[in-house]
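Q: Let me see the structure of the following:
(2 chains)
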Amino acid sequence: MKKSSVIGIIVIAIAIAMIIVIYADSSTYSTFTEAREKQSELYVVGVLNKAKTLYYDPTVDANHFSFHMYDNDSTECKVVFRGAKPQDIERSEQIVLTGKMVGDEFHASKILMKCPSKYNQDEVEVIEASTAQIMGFTETPTDN
Amino acid sequence: MDINYVGESLLPGKIGQFFVILSFGTALLSCISYYFATRHKEDHSWQKIARIAFWINIVSVLGLGSCLYYIIYNHLFEYHYAWAHSSRSLPTHYIISSFWEGQEGSFWLWMFWQGMLGILLVFRAKGWETPVMTIIMLCQAVLGSMLIGIEIFGERVGSSPFILLREAMQGPIFSDPNYVSMIADGTGLNPLLQNYWMVIHPPTLFLGFAAMVVPFAYAVAGQWQQRYKEWMKPGLPWALFAVMTLGAGIIMGSFWAYEALNFGGFWAWDPVENASIIPWLTLIAAVHVMVAYKNSGHSYFTATFLVMISFVLVIYASYLTRSGILGETSVHSFTDLGLFWQLIAFNVIFLAIMVYLLVKHKKRMPSTQKEEDIYSREFWLFIGALVLSVACVQIIASTSIPVFNAVFGTKVAPPIDPVQHYNKWQAGFAVVIGILSAFTQFMKYKRTDVRKFYVSAIASLVVAVVITAIVVYVTKVYTNFMYILMVFAATYTIVANGRILGEAIKGKWKLTGSAVAHIGFGLLLIGALVAAATNEVISVNNSGYIAVAGFDQVEKPGDNLFLTEDEPVQMGDYRITYVGDSVVPPNVYYKINYEKIDEETGRVTESFQLRPFAQNNPQMGGLIGTPDTRHYLTHDIYTLITAAMSDTHQQSQGADEQTGFEDYEEPAIYETNIGDTLRYRNGYIVVTGINRNATLQNIPKGEDDVIVGLHLNVHTAEGQMYEVEPVFLIKDGATYDFSKDVEEQGLRFRFSNIMPEKDKLELMVYQKPVPEKKWVVFKAIKFPYINFLWCGAIVMTIGFFMAILRRNKEIKPEKT
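A: Residues are numbered from 1 along each chain as shown, chains lettered A, B, ... in the order given. A predicted model of the protein is given here:
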């Protein structure tokens, strides 16, 4: 057999292995209900329940932060995060959690927040006379 | 409705916009002229036009940049770009960073470097000038189109940095002709980018990206002009230059991430990072195959393909980071500016050029019938390039998951733990690459003396095994077989190339560049592995850990430690104390003392202070911590604030005028007489007398008015005495009182009533609550041997530079 064919076969074998592993490692965006069934690490996308209190008291435990979140099916669940409270989570528009269900609590290992940053909600701070006031307005869509 | 706006400086924007259009137009003209100059070699007028257009293009790119800089530097917030990316409080060097924080600015940077490289080519490329510049000016035109920002056939093309705020947004204030004076400040630069590395990292990175077009252009010219065998000679130093600058840019980004970002590491396999490393790896592979072809005549197609695909991947990287397609999978990509389809077009144009040329010229390309010998350097260079390419395919495939989702409408999420996912593959590839770059150095082109090869290769191998054993023992990575293998591969590379370097110094100077670069690569690999594998969180919270019901059994203690001001905590080898903070708006610096104490004598053997800081920036998402790192030769100690008491931050915002009563506790109301003594938290107050001749500023005393002051002496526990006189006023039948404060003691007094029937004076005493002790929550990580990583990166860059010098010398003898 020619060397090039041997190399070719090896490369193809590695490529197939890679595709399988990428497929196996890839996850899905799911819901709390699904997380309860699967019991494995996955992503849950949702919004913060701002009506319920966010619990973080560093004087008691600097690594315990809990809050309530609605997933995309509007199921509410208590989320516990072993770490410091991410700043400004109150302002978040969307939260992507990584973690798994333990009992009735979702234990998050990572919290990703989408905040109304300067890119998607602009506010011009306006000075009028001496009192500063904030006027909020949104950017016009750029593609029309 | 036309409004005559007052105070807008429209001139710099108008000039800037003119330069935008001019730079696009001249780039296009130059490209077309260079194209015809290549087609009609005998006619020099085309080349003349092309060159004139090129120089105008350079001038307009510089003019464009100057206008934008002028706008940002002078805080002309009527322009959206200045408003969105800078603020008045930014120091000058960060104004430079805000220049390229936005997409438009970074496109400009790319155009600027491409223009500079173009100047070099116009002067030095000689016979290659016309075809090479055709491609470069095509790219310049495409980049220029990204900044146009005008509508063509109802579609907006590009995004201009000179757009006005009132054009970009709608709002009530823009109906006021005087709105410019009402804009207080810009939204500012993202605090994470306020780092000196952000001044130098983007220009280096974009120089790397811009340089990638040159080898691509040479490859295109080589096929187009059918000068198949010649293009690699001038193309190679350019490819090495691109590899060097892009590599330096990537490593600077990684150092910035380590120094300034809060994810606690130097590489996170974030899509944005991946996007920049993919073309770098393919061009590294290309460089190796080019060298192989030059020396053996093998693998011409592979070399050409790799050079071309590298630049196409640069464009793909821009598409990934700039089109917003990455969405939530990346923490720091740009959002879509409306350039989505334009970026795709950019990709398609250059991909089409590549595919067309490769297909058309495939048959005529130089090739050899004979297969490479196993004991030949070119064979193993080819294998190395292949492994690098396969490694790239893995990174591309995993990074492109959001792209696949968009194309096929699926909703696949990327791997939960990306670091682990990528490392699993890339560690294996790194081992193979390490071993290959060791023994291939002992091979000769075409045919190697097998016996000699084994003697040198095995000798180095034995030395490498011994060193590996020592390194593994010292750095404590023996827990994992893969780690040991990687250390071995890296060590083998260092040893083998060290040997080549030794010989090179004696005479074969030609190989020094490659040997040095490979040694750098080996060091980098060891540094990255050891730092990533053995970094440990030292702020483990187990002493002050209070159980939360039903929780502590399943979870290990967390990584964050709670510190109260002036209360030392033992953390690993160190006794740490939070000693307070200092405010330099908008940042708050938290001072944390580290002391190492000798257990027997109790003496402090080592002490230092780290000052991680945080910026409370509501616009950017709250408290953003920037770590501080103590660097040692063998390890680093990295400290990051993850939460802090909010008071300190309010102070830094400057809202400190406390005129209201909200800051005080409920008052104590006393009915007193002269001579009475009242207690307060930190001492006592003596009512010493009434001042009937009290006066008040701004309030004239009328005939029937009564102004009475109550004179008080405040004695503190420390023995100090303050005198204070709150005032009571009856004016026109109404009663008023004027409070007086003793700031130092947090006291406020109101003489609130005179009760003649009881013969009493009413005094209200307000006290501020005892300030809560300041606290911070922080995280500390120890990174062992990370200096190998930085040191390796520097050595590798030096190696590339030496290789450029050598390859550049090779062109000179045969001038065209």
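
Q: so is the residue of chain A at minimum distance from chain B in a helix, a strand, or just coil?
A: Scanning chain A for proximity to chain B using CB to the nearest CB identifies residue A:63 as nearest, at 2.4 Å. Any C-beta I mention is one placed from the backbone N, CA and C, and that applies to glycine too. Look at residue A:63: counting by DSSP: H, G, I helix; E, B strand; the rest coil, its state is coil.

Q: my guess is it meets residue A:83, correct?
A: Yes: judged on CB atoms under 8 Å, residue A:63 makes contact with residue A:83 at a distance of 5.7 Å.

Q: Mind checking which of those two has more residues around it?
A: residue A:63 (26 against 21; other CB atoms under 10 Å in any protein chain shown).

Q: Distance-wise, check the more buried one relative to residue A:57.
A: 11 Å (CB to CB, to the nearest Å).

Q: Same question for residue B:526.
A: From residue B:526 to residue A:57 the distance is 43 Å (CB to CB).

Q: Check residue B:537 too.
A: For residue B:537, the distance to residue A:57 - CB to CB - is 21 Å.

Q: Residue B:637 belongs to a strand?
A: Yes: assessed by three-state DSSP, residue B:637 belongs to a strand.

Q: so it touches residue B:784, yeah?
A: No: counting by CB under 8 Å, residue B:637 does not reach residue B:784; the two are 10.3 Å apart.

Q: And the strands in the stretch 351-500 of chain B?
A: B:412-413 (DSSP state E, counting those that start in this stretch).

Q: Spell out which residues of it are next to chain A.
A: B:371-372, B:374, B:379, B:383, B:386, B:390, B:393-394, B:397-398, B:401, B:411-417, B:421, B:424-425 (CB under 8 Å from any CB of the partner chain).

Q: and residue B:172, how far is that from chain A?
A: From residue B:172 across to chain A, the span is 6 Å (CB to the nearest CB, to the nearest Å).

Q: neighbours around that residue, how many?
A: 11.

Q: for residue B:577, what are its contacts?
A: By CB atoms under 8 Å, 6 or more residues apart in numbering or on different chains, residue B:577 lies in contact with B:563, B:566, B:567, B:568, B:569, B:592, B:593, B:595.

Q: Tell me the one of those residues nearest chain A?
A: Once CB to the nearest CB is applied, the member of these that ends up nearest chain A is residue B:563, at 8.8 Å.

Q: Would you map the helices across chain A?
A: A:3-25, A:32-38 (DSSP state H).

Q: In the last one, which residues are buried?
A: So that's helix A:32-38. Residues of helix A:32-38 classed as buried by neighbour count (16 or more other CB atoms under 10 Å in any protein chain shown): A:32, A:34, A:35.

Q: Out of the helices and strands in chain B, which is least certain?
A: One helix or strand of chain B scores below all others by mean pLDDT, DSSP states H and E: helix B:647-652, with a mean of 48.

Q: Beyond it, next helix or strand please.
A: Helices and strands here follow DSSP states H and E; after helix B:647-652, the next one along the chain is strand B:668-672.

Q: pLDDT score assigned to the residue lying closest to residue B:245 once chain neighbours are set aside?
A: Nearest residue to residue B:245 in three dimensions, chain neighbours excluded: residue B:208, at 4.0 Å (CB to CB, 6 or more residues apart in numbering or on different chains). pLDDT, residue B:208: 95.

Q: elements contacting the helix or strand where residue B:208 lies?
A: Here residue B:208 sits within helix B:197-211, counting by DSSP H and E. Under the contact definition 3 or more CB pairs under 8 Å, 6 or more residues apart in numbering or on different chains; DSSP states H and E, helix B:197-211 sits against helix B:92-99, helix B:103-124, helix B:232-260, helix B:271-296, helix B:300-322.

Q: Need those in a markdown table (columns: mean neighbour count and mean pLDDT).
A: A markdown table is the format used below for those (neighbours: other CB atoms under 10 Å in any protein chain shown; pLDDT from 0 to 100):
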| stretch | mean neighbour count | mean pLDDT |
| --- | --- | --- |
| helix B:92-99 | 19 | 83 |
| helix B:103-124 | 20 | 94 |
| helix B:232-260 | 23 | 91 |
| helix B:271-296 | 24 | 92 |
| helix B:300-322 | 24 | 94 |
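
Q: Ramachandran coordinates for whichever residue of the stretch 701-816 of chain B sits closest to chain A?
A: Relative to chain A, the nearest point of the stretch 701-816 of chain B is residue B:777 (4.3 Å; CB to the nearest CB). Phi and psi for residue B:777, reported as degrees, to the nearest 10, are phi -110, psi 130.

Q: Angles on the backbone of residue B:400, please.
A: Dihedral angles (degrees, to the nearest 10) for residue B:400: phi -90, psi 10.

Q: Next one: it from chain A, what distance?
A: Applying CB to the nearest CB to residue B:400 and chain A gives a distance of 10 Å.

Q: same check, this time on residue B:355
A: Distance from residue B:355 to chain A, by CB to the nearest CB: 21 Å.

Q: so how many other residues sit close to the nearest residue to residue B:304 once chain neighbours are set aside?
A: Spatial nearest neighbour of residue B:304, excluding adjacent residues (CB to CB, 6+ apart): residue B:219 at 5.3 Å. Neighbourhood size, residue B:219 [other CB under 10 Å]: 30.

Q: Dump the helices of chain A into CSV; add distance to chain B and mean pLDDT as well.
A: Conversion of the helices of chain A to CSV gives the following (distance: least, CB to the nearest CB, whole Å; pLDDT from 0 to 100):
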stretch, distance to chain B, mean pLDDT
helix A:3-25, 4, 84
helix A:32-38, 12, 83
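
Q: Need the winner for burial among the ones you listed.
A: Among the helices of chain A, helix A:32-38 has the highest mean neighbour count (mean count of other CB atoms under 10 Å in any protein chain shown), at a mean of 17.

Q: Wasn't residue B:221 part of a helix?
A: Yes: counting by three-state DSSP, residue B:221 falls inside a helix.

Q: Just confirm it contacts residue B:234, I think it does.
A: No: judged on CB under 8 Å, residue B:221 makes no contact with residue B:234 at a distance of 9.4 Å.

Q: Identify the bridge partners of the residue nearest to the spatial centre of chain A.
A: Centroid-nearest residue in chain A: residue A:96, 1.6 Å away (criterion: CA atoms, centre = their mean). Beta-bridge pairing for residue A:96 (DSSP bridges): residue A:45, residue A:112.

Q: Check the spacing between it and residue A:31 real quick.
A: 13 Å.

Q: what residues are shared contacts of the two?
A: In contact with both residue A:96 and residue A:31: residue A:44, using CB under 8 Å, 6+ apart.

Q: domains of chain B?
A: Domain assignment of chain B by automatic domain parsing yields the ranges B:1-189, B:190-414, B:561-654, B:668-767.

Q: what's next to stretch B:724-733, contact-wise?
A: Stretch B:724-733 is contacted by residues B:691, B:694, B:696, B:699, B:702, B:704-712, B:714, B:735-742, B:749-754, B:763 when judged by CB under 8 Å, 6+ apart.

Q: try 7 Å
A: Applying CB atoms under 7 Å, 6 or more residues apart in numbering or on different chains, the external contacts of stretch B:724-733 come out as B:691, B:694, B:696, B:702, B:705-712, B:714, B:735-740, B:742, B:749-751, B:754.

Q: Going through those residues, which ones are buried?
A: Neighbour counting with 16+ other CB under 10 Å marks B:694, B:707-712, B:714, B:737-738, B:740, B:742, B:749-751, B:754 as buried within the contacts of stretch B:724-733.

Q: Looking at pLDDT only, which of the residues you listed scores worst?
A: Out of these, that is residue B:694, at 76.
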